[in-house]
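In: with the input below, show me the fold.
(one chain, ligands or ions: 1)
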Amino acid sequence: MAKRLENKVAIVTGSASGIGSGIAKCFVREGAKVVITANHNVSGGQKLATELGDDNALFIQQNVANVSDWENVINETINRFGKLDILVNNAGITGKLTPIEDEPLDDWQQVIDVNLTGNFLGIQAGIRAMKTTNKSEGSIINISSDASLVGFPFAPAYSPSKGGTRLLTHSAALSLAHRGIDIRVNSVHPGWIDTPMVPKDIYEEIIPEIPMGRLGTPQDIGELCIYLASDESKYATGAEFVVDGGIRA
Ligand code: NAD
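Out: Here you go, the predicted structure:
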């Protein structure tokens, strides 16, 4: 049986750990070549690339908020794998956990730079690469959050950055669809997922809020991303996909 992402090339940002690494593993399992990026945890990114196989994966250090880093990632991807079919804008940070009136401006700015501007730069770079290397076809997946649908009280910049990504997804999808460009853009909204981002000491407090009684796994998000990255989702664009164990039900 053919694998679902056979002959496809993907970039997954922030994939040295957590959800991104789950997505990268799922993509390789389904036949894709994957570029793993992250701004820190270089050894984790290199280790994952080795684990997935040098023929299948490449690690590149990248700050998603930096334009020239995007140029480098796109150039390296094309040099190594020849084209770009799939971009997953996954890299993200929560910022300081503080009451909103105490939020330092530089923390706010950093969260917006990484979570929102980083996705905007990725969408621009991804579209340009898909136009020149992939007949203007492709799939862009933005990892937003349940926190884009309701406010997250502890980290003042997080929900605004994820809400921005949600509507950036709608705008990008419409901009492309209205011009007849077959690059789809969708967002994924995870609930609580077991990754380094979620402190272990709050598990006891959050599990009772999850109807399915457990946190999700990176693979739970990766499986949905296979669908969105593949041709199976060819009529889905500008849509929001919630994977949260029933929290928003
Ligand atoms: P994580 O901390 O394991 O992963 C975040 C990744 O982003 C890391 O690999 C980190 O190196 C990378 N990163 C951070 N800043 C970067 C930058 N400037 N440039 C490039 N890479 C950068 O956490 P995670 O939970 O796997 O988070 C992945 C995504 O999922 C994030 O966007 C996060 O907001 C989102 N999310 C997570 C949860 C959750 O419960 N874990 C829920 C909803 C959404």
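In: I figured Thr37 hits Ala91, correct?
Out: Yes: Thr37 is within contact range of Ala91, at 7.3 Å (criterion: Cβ atoms under 8 Å). Any C-beta I mention is one placed from the backbone N, CA and C, and that applies to glycine too.
In: more neighbours, those two?
Out: Taking other Cβ atoms under 10 Å, Thr37 and Ala91 do not tie; Thr37 has more neighbours (29 against 24).
In: what packs against the longest strand along the chain?
Out: Using DSSP state E, we find that the single longest strand of the chain is strand 182-190. Using 3 or more Cβ pairs under 8 Å, 6 or more residues apart in numbering; DSSP states H and E as the contact definition, the elements that strand 182-190 packs against are helix 118-133, strand 137-143, helix 158-178, helix 218-229, strand 240-243.
In: what residues does the next helix or strand after that strand touch?
Out: Heading C-terminal from strand 182-190, the first helix or strand you meet, by DSSP states H and E, is helix 203-206. For helix 203-206, contacts defined as Cβ atoms under 8 Å, 6 or more residues apart in numbering pick out 192, 198, 215.
In: residues from the protein in reach of the ligand?
Out: 13-14, 16-20, 38-41, 62-65, 90-93, 114, 143, 145, 190, 192-193, 195-198 (Cβ under 6 Å from any ligand atom).
In: show me those that map onto helices.
Out: 18-20 (DSSP state H).
In: hmm, back to that, turn the contacts of helix 203-206 into CSV, columns for neighbour count, distance to Gly53 and pLDDT.
Out: Shown next, in CSV, are the contacts of helix 203-206 (neighbours: other Cβ atoms under 10 Å; distance: Cβ to Cβ, whole Å; pLDDT from 0 to 100):
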residue, neighbour count, distance to Gly53, pLDDT
Trp192, 21, 31, 98
Val198, 15, 29, 96
Leu215, 19, 29, 98
